[in-house]
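# From the sequence below, what's the structure:
(2 chains)
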Amino acid sequence: MSELRLPRPELRPEFRKRLRAQLMAEAVVLAEERRAHPWRVRLASWTVGALRPLLVTAVLAVMLLGGAGVAAAGALPGDLTYGLKQAAERVELALAFDEERKAEVLAAQAQRRLEELSRTASERPDKAPTASESYTDAVERFREAVEAVRQAEPADKREAVEELVDAAKAKHVPVLETLRERVPEAAQQGIDRALEEHKKLEAGKNAPGRPGSPGRSGDAPQGAEATASPTPSPSATATSEAAPASAPAATQRANPTPRGGGLPTSVPPRRP
Amino acid sequence: MGEVPNSLSVRAVNTNERSQEPEAGLTRRAVAGDAEAFGILYDRYVDAVYRYVYYRVRNEAEAEDLTSEVFFRALRAMPRYQPRQPLLAWLYRIARNAVIDRARRLRPQLSFEDALEHPGADRVVDPHEGLDRLSDGIELRAAISRLTPLQQDVIILRYVEGLDTRSIGRILGRRDGTVRGIEFRALGALRQLLPREAAV
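Got it, this is the predicted structure:
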């Protein structure tokens, strides 16, 4: 036997993909366990082992089915299934393969938070501060992802992300301004912070030094001042409201139609 | 012998084109519970783990089951991972244990008397096996399955994965010279087990 050669079998791609998705779901569940009960981590790996497959399956179901018939997808802060919904979103984020996709996922998640805030304001005003904080956190994460793309990604990806920013501003800011008048004071502070995040997003678009930014090339289009204005003027809002009708495919992907026919364009009436 | 990498870490970098992030950073993040980092490590090493278990079990389905088990075990044990050893070496250890555990689970299914009367009766036979057994290396695989577990490890890591004996020693917890001795005896056994035309 001068030289032994053994074949190198190849893993089936569909198996590889399925196992990866299962592992990502499991990873999120484990991270949740560790975050919630650090001292129980080791114990949990043995005692909760029998239940974990069910939990992982549920996370995958929420992740794959979105709002279609899965109770957790429509959960609001305070619901038992809300944690599951958040876990599913972490899986969704973990599966994003690049910064642009991350920004898309986070844009969709911010939109869900806004929908929750809107529903919470009318259905459970006592939970509105929590909902507004969740929304602000979501916008902040979205902004960080956008900044990452603005700094590092090629021009086509930057353009796609700027479209996400425009669409988010057009959809979110008018709703936030209306909601602000109707929620308790504690929730108003959260909304103010969220509006600040939107302003930072807009300001970052024209920040000098960014590759391809108007601030660096000096070819800022007319009206850029109005777009970058820290306080959206009525005309800017009116312009942005037209944006969803011409939203690009990337935006549409990132913003799947939420339960109940999409993001509310009008704020539901406050419950008596 | 073809191209044999000098170390596991060199291999790790070469086998993944999607992410060039060094293993140390990824494992640190994975230990801290970062799912994305674990996903990248999975992409990097799943093929190597699959190939290893493929030669230690009877068919592809079992190999997939075990590959899955290895990565779930690794994910749960990640907080206890010590970066003293390369991650792939750690995964191979988990895979070895998973193979051994599986063998223990399956053993009672075959009585001692049956095993004496029908050696290999617990082996699943593929109806198409006769057609492509040589081209798919099935003869080789069958012969390897008759080696001792340690010899199987050495042969697979050396001649499927192309690792050098030092790297294999780190994975198996044996000295370099010991690995060479095991390899020598394993090759001798394979010479006896393989039909002449299969022994290239």
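
# What is the burial count for B:G177?
Look at B:G177: counted by other CB atoms under 10 Å in any protein chain shown, it has 10 neighbours. All C-beta atoms are positioned from the backbone trio N, CA, C, and that covers glycine.

# Kindly provide the distance from it to B:T165.
8 Å (CB to CB, to the nearest Å).

# how far does the helix or strand hosting B:I100 sit from the chain's center?
Under the criterion of DSSP states H and E, B:I100 resides in helix B:87-106. Helix B:87-106 sits 8 Å away from the centroid of its parent chain (CA atoms, centre = their mean, to the nearest Å).

# Looking at the helix or strand harbouring B:I144 now, give me its mean pLDDT.
Assessed by DSSP H and E, B:I144 sits inside helix B:138-145. Across helix B:138-145, the average pLDDT comes to 80.

# Buried ones in that helix, by neighbour count?
Using 16 or more other CB atoms under 10 Å in any protein chain shown as the test for burial, helix B:138-145 gives B:138-144.

# Keep those residues, but drop any that are not near chain A.
The residues of the buried residues of helix B:138-145 that also fall near chain A, by CB under 8 Å from any CB of the partner chain, are B:140, B:144.

# Looking at the buried residues of helix B:138-145, which is nearest chain A?
Taking CB to the nearest CB as the measure, chain A sits nearest to B:L140 out of the buried residues of helix B:138-145, at 5.9 Å.

# separation between that closest one and B:I182?
B:L140 is 18 Å from B:I182, by CB to CB.

# got it, and A:L76?
Per CB to CB, A:L76 is found 62 Å from B:I182.

# more neighbours, these two?
Neighbour count, other CB under 10 Å: between A:L76 and B:I182, B:I182 has more, with 24 against 18.

# Spatially, what comes nearest to the more buried one if we skip its sequence neighbours?
Nearest non-adjacent residue to B:I182, counting by CB to CB, 6 or more residues apart in numbering or on different chains: B:V154, 4.7 Å away.

# The one you found is in contact with B:R185, isn't it?
No - B:V154 lies out of contact with B:R185 (CB atoms under 8 Å); the separation is 9.2 Å.

# Which of these two has more residues huddled nearby?
Between B:V154 and B:R185, counting by other CB under 10 Å, B:V154 is the more crowded of the two (29 against 15).

# contacting residues around the more buried one?
B:168, B:172, B:179, B:182-183, B:186 (CB atoms under 8 Å, 6 or more residues apart in numbering or on different chains).

# tell me how far stretch B:52-60 is from the chain's mean position?
Distance, stretch centre to chain centre, for stretch B:52-60: 8 Å (CA atoms, centre = their mean).

# How about the residues of chain B by chain A?
Within chain B, the positions adjacent to chain A are B:1, B:33, B:35-36, B:38-39, B:42-43, B:46-47, B:50-51, B:54-55, B:60, B:63-64, B:67-68, B:71-72, B:75-76, B:79, B:136-137, B:140, B:144, B:155-156, B:159-160, B:187, B:190-191, B:194, B:199-200 by CB under 8 Å from any CB.

# Out of these, which end up buried?
Using 16+ other CB under 10 Å as the burial test, the residues of chain B next to chain A include B:33, B:35-36, B:38-39, B:42-43, B:46-47, B:50-51, B:54-55, B:63-64, B:67-68, B:71-72, B:75-76, B:79, B:137, B:140, B:144, B:155-156, B:159-160, B:187, B:190, B:194, B:199 as buried.

# Show me those residues that map onto strands.
Using DSSP state E to define strands, no part of these is located there.

# Identify those among the residues you listed that sit within helices.
Counting by DSSP state H, the part of those found in helices is B:35-36, B:38-39, B:42-43, B:46-47, B:50-51, B:54, B:63-64, B:67-68, B:71-72, B:75-76, B:140, B:144, B:155-156, B:159, B:187, B:190.
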